[in-house]
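S.K.: no sequence for this one, just the structure:
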């Protein structure tokens, strides 16, 4: 599983990038994106994805099914 950043909502604040333990959040075309092949949803690190926890924009970072 992984999370996804909604480019229409992302403000490029950058708060999510440093809290990602797998370095799966990277800048892309002025915003941020998640490398789904390395995202673990912080499993084994925290109860929930840290990026969702720090994001100030509601529904910007969501779970991918």
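M.R.: Arrived safely, thanks for sending. Keep in mind it's a predicted model, so treat the numbers as computed, not measured. Residues are numbered from 1 along each chain as shown.
S.K.: show me what contacts the residue nearest to residue 36 when sequence neighbours are not counted?
M.R.: Nearest residue to residue 36, sequence neighbours excluded (CB to CB, 6 or more residues apart in numbering): residue 2, at 4.0 Å. C-beta coordinates here come from the backbone N, C-alpha and C atoms, glycine included. Neighbouring residues of residue 2 by CB atoms under 8 Å, 6 or more residues apart in numbering: 24, 34, 36, 39, 40, 41, 63, 64.
S.K.: just the buried ones among those, please.
M.R.: 24, 34, 39, 41 (16 or more other CB atoms under 10 Å).
S.K.: can you pull the buried residues of stretch 18-29?
M.R.: In stretch 18-29, counting by 16+ other CB under 10 Å, buried: 19, 20, 24, 25.
S.K.: tell me the pLDDT at the closest residue in space to the second one that isn't next to it in sequence?
M.R.: In space, residue 20 comes closest to residue 51 once its chain neighbours are excluded; the distance is 5.9 Å by CB to CB, 6+ apart. pLDDT, residue 51: 98.
S.K.: before we move on, what about residue 28?
M.R.: pLDDT recorded at residue 28 is 92.
S.K.: what's the separation between it and residue 61?
M.R.: From residue 28 across to residue 61, the span is 14 Å (CB to CB, to the nearest Å).
S.K.: what about the strands in the chain?
M.R.: Using DSSP state E, the strands of the chain run over 2-5, 25-28, 31-34, 61-64.
S.K.: parallel or antiparallel, which strands does the third one pair with?
M.R.: Same thing as strand 31-34. Strand 31-34 has its sheet partners listed here by DSSP bridges as strand 25-28 (antiparallel).
S.K.: ditto for the last one
M.R.: When pairs are called by DSSP bridges, strand 61-64 turns out to pair with strand 2-5 (antiparallel).
S.K.: coming back round to it: the contacts of residue 2: which two are farthest apart?
M.R.: 24 and 63 (13.8 Å; CB to CB).
S.K.: so what's residue 35 closest to, chain neighbours aside?
M.R.: Per CB to CB, 6+ apart, closest to residue 35 is residue 24, 4.5 Å.
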